[in-house]
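Enquirer: below is the sequence, then the predicted model.
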Amino acid sequence: MQAPASDREYFSGGDDTGINAWLSNLPIAEQMMKDGKGDQVMDEKACEAMGIRITAYRLWSLLSEV
């Protein structure tokens, strides 16, 4: 058994277990990007739901093609 080697591979793997929490925060990340705040860490509630501290740009870059 082998785990995904990259973030993008993880998100394209078909396992929806934690991905929905990430996808539900994508619109927030997109709005932050439009507001020029892409380099800021997502709010505490979003980070807690995803289980990781992540910037709006990083979240958008990972999920924009999923």
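Expert: Done, it's in.

Enquirer: when you work out contacts or count neighbours from here on, use the C-alpha atoms and nothing else.
Expert: Fine.

Enquirer: quick one, what contacts the spatially most central residue of the chain?
Expert: Nearest to the mean C-alpha position of the chain, by Cα atoms, centre = their mean, lies Leu59 at 3.4 Å. Leu59 is in contact with Trp22, Leu26, Ala29, counting by Cα atoms under 8 Å, 6 or more residues apart in numbering.

Enquirer: make CSV out of these and add secondary structure and distance to Ile52.
Expert: Compiled in CSV, the contacts of Leu59 are given as follows (DSSP: H, G, I helix; E, B strand; the rest coil; distance: Cα to Cα, whole Å):
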residue, secondary structure, distance to Ile52
Trp22, helix, 10
Leu26, helix, 14
Ala29, helix, 14
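
Enquirer: ok, and the most crowded of those residues?
Expert: Ala29 (27 neighbours; other Cα atoms under 10 Å).

Enquirer: distance of Ile52 from Met42?
Expert: From Ile52 across to Met42, the span is 10 Å (Cα to Cα, to the nearest Å).

Enquirer: I'd say Trp60 and Gln31 touch.
Expert: No. At 10.2 Å, Trp60 does not count as touching Gln31 under the criterion of Cα atoms under 8 Å.
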